[in-house]
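Asker: For reference, the sequence and a predicted model appear below.
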Amino acid sequence: MTELVRTDRAEETTGRWWRDAVIYQVYVRSFADGNGDGIGDLPGVRSRLPYLAELGVDALWLTPFYTSPMADFGYDVADYRDVDPIFGSLADARALIDDAHRHGLRVIVDVVPNHTSDRHAWFRQAVEAGPGGPARGRYIFRDGRGEGGVLPPNDWESVFGGPAWSRLPDGQWYLHLFAPQQPDLNWENPEVHAEFESVLRFWLDLGVDGFRVDVAHGMVKAEGLPDVGHTGQVKMIGTGVVPFFDQDGVHEIHRAWRRLLDSYPGERIGVAEAWAPSPARLAAYIRPDEMHQAFNFHFLTTPWEAAGFRAVIEESLETAGLVGAPSTWVLSNHDVKRHVTRYGGGAAGLRRARAAALLMLALPGSAYVYQGEELGLPEVLDLPEEVLRDPQRLRDPEDGRDGCRVPIPWTGAGPHFGFGPPGTGEPWLPMPLSFGPLSVQAQSGDPLSTLSLYREALRIRRERRAFGDTPPVWLDAPGGTLAFTRGEGFACTVNLTGEPAEMPLPGRMLLASARPAVEDGVVRLAPDSAVWWERDGL
Ligand code: GLC
Ligand code: CA
């Protein structure tokens, strides 16, 4: 790995940096457009590294920028060792990685091992080769059921809706848990293992600090591909037990990858995107010889309500703790409705999102920040029909993911709010006028802005690295509120109700998502707010 040159982060070169890292998710397509074609790219990301360093995050996670026909916006990879021309070149990737390191930022890239693009050389060969033979053995091909094999081999449904099987003109069917353009690989084939080890090495040699492993729970399917037995499988994603997700066999793959990661210097990490039926099943992905982290989607899906948050926090810490792993916290990503909107939208949604950020950043473990959440961006709900392109909207028009992928506003004026260079074209998804006052430029000088709140929170968090893994100790707090300490000198209070809430003053105020009133040793917390406290001598 390139040497980190920022001296104030020198201590991070040793120790287990990832255990409490704040990792910023860059959805490359929508972050910053370097060449003005309306689509974000790697040079664009590189030009904004100073912004990310100043924000105070520890690492970036870049969503897929590999060669891809973009049927699922890069999660359909045609060449795992090259950059799609839309996003730049391999030289741009190298320059970005090196430059990020110079800014003291680590770089995590996505790897998509469950499926390739249908334009991947392997799948083309498989199609051409016809039934039988080794080329089809890299994917999951089967003959159909019923007379003439006209029915799919089993009843599995694709995550994006419809059958998980498509039929080729020669009569065989292939499995795709996602879009038909994303054929599932056959991980029983040693060639597939060898190929991905080589792909990981390719990027590790280029200096990346880790991988976010896409659909890390999907690579192994139950023996014999048994029927699920009923429809509605898509609705069970995350909680249901299905024969195509969370099979015990996936853990062998993660163990092999961990050995590979550990053979490189500098604590390179693996982060599992794994949906498992329970926190305990999820914890299996972060056992000491597997991935370093797994996204905590149970936290993300918790509604804005105190008891639910407390329960999910306790459960997450307990289950991760059982395997000696740090917990992770995530509120938004490129697959879900932005949390300002999930928490009710409008002024209340923003108040809650700001409070949730302080809550998340006060917890032990690693936190993920999705681009634009530091600006308090809401989901864009009124994109015109003709611009919607996410394949997931096919399963349910309400479930499209375009609205959380609208480009980031950098400056206050339109049409693209500084997303691209001056004088260049429209962004790939239109940006609403309401993004202007939320732009980086508009918020930068305002101490009360959401951007300033994130900057300040990350600064304080960094100063107090001593938090380490110290678990929260819950304090007595009125109904609908949470209060906890972390170590000796720090406390966090959160009021998740729409009414002010009173409690004994926990200390001296460090940072607040909305200012509380303090009088005679009592604090009156504002509705939907969080406060960080310094506890002198307590
Ligand atoms: C993951 C990605 C999502 C993608 C899917 C298929 O869930 O986060 O964006 O559509 O995998 O690769
Ligand atoms: Ca571009």
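Answerer: Cool, the structure landed. Ligands and ions are numbered 1, 2, ... in the order given.
Asker: Which parts of the stretch 251-400 of the chain are helices?
Answerer: Under the criterion DSSP state H, counting those that start in this stretch, the stretch 251-400 of the chain contains helices at 279-283, 297-300, 306-322, 339-342, 346-361.
Asker: between the ones you listed, which gets nearest to Pro64?
Answerer: Closest to Pro64 of these is helix 297-300 (C-beta to C-beta; 19.5 Å). C-betas here are computed from N, CA, C, even on glycine.
Asker: Which other helices and strands does that closest one contact?
Answerer: helix 306-322, strand 328-330 (3 or more C-beta pairs under 8 Å, 6 or more residues apart in numbering; DSSP states H and E).
Asker: Reformat the helices of the stretch 251-400 of the chain as CSV; add mean pLDDT, distance to Val380 and mean neighbour count.
Answerer: As requested, these are exported to CSV (pLDDT from 0 to 100; distance: least, C-beta to C-beta, whole Å; neighbours: other C-beta atoms under 10 Å):
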stretch, mean pLDDT, distance to Val380, mean neighbour count
helix 279-283, 88, 30, 19
helix 297-300, 92, 19, 20
helix 306-322, 95, 26, 17
helix 339-342, 98, 9, 24
helix 346-361, 98, 13, 22
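Asker: re earlier: how about the helices and strands packed on helix 297-300, which one is nearest ligand 2?
Answerer: With C-beta to the ion as the criterion, ligand 2 lies closest to strand 328-330 of the helices and strands packed on helix 297-300, at 27.0 Å.
Asker: and that closest one, average pLDDT?
Answerer: For strand 328-330, the mean pLDDT works out to 96.
Asker: ok, it: who's next to it in the sheet?
Answerer: Strand 328-330 has the following strand partners under DSSP bridges: strand 366-370 (parallel).
Asker: Would you mind listing the buried residues in the partner strand?
Answerer: The neighbour-count check on strand 366-370 (16 or more other C-beta atoms under 10 Å) flags 366-370 as buried.
Asker: out of those residues, which one sits closest to ligand 2?
Answerer: Tyr370 (20.3 Å).
Asker: isn't the closest one right next to Gln25, touching?
Answerer: Yes - Tyr370 is in contact with Gln25 according to C-beta atoms under 8 Å; the separation is 4.7 Å.
Asker: what about the residue lying closest to Arg461 once chain neighbours are set aside, distance to Asp20?
Answerer: Of all residues not flanking Arg461 in the chain, Leu361 sits nearest, at 5.5 Å (C-beta to C-beta, 6 or more residues apart in numbering). Distance of Leu361 to Asp20, given as C-beta to C-beta, to the nearest Å: 10 Å.
Asker: what's the answer for Phe160, then?
Answerer: In terms of C-beta to C-beta, Phe160 sits 35 Å off from Asp20.
Asker: Leaving out sequence neighbours, find the closest residue to Asp335.
Answerer: Leaving out its chain neighbours, Asp335 is closest to Arg401 (C-beta to C-beta, 6+ apart), at 5.6 Å.
Asker: and the one you found, how many neighbours?
Answerer: The tally of other residues near Arg401 (other C-beta atoms under 10 Å) stands at 20.
Asker: Can you get me a residue count around Ile108?
Answerer: Neighbour tally, Ile108, other C-beta under 10 Å: 25.
Asker: Just confirm it contacts Thr63, I think it does.
Answerer: No - with contact defined as C-beta under 8 Å, Ile108 does not reach Thr63; the gap is 10.3 Å.
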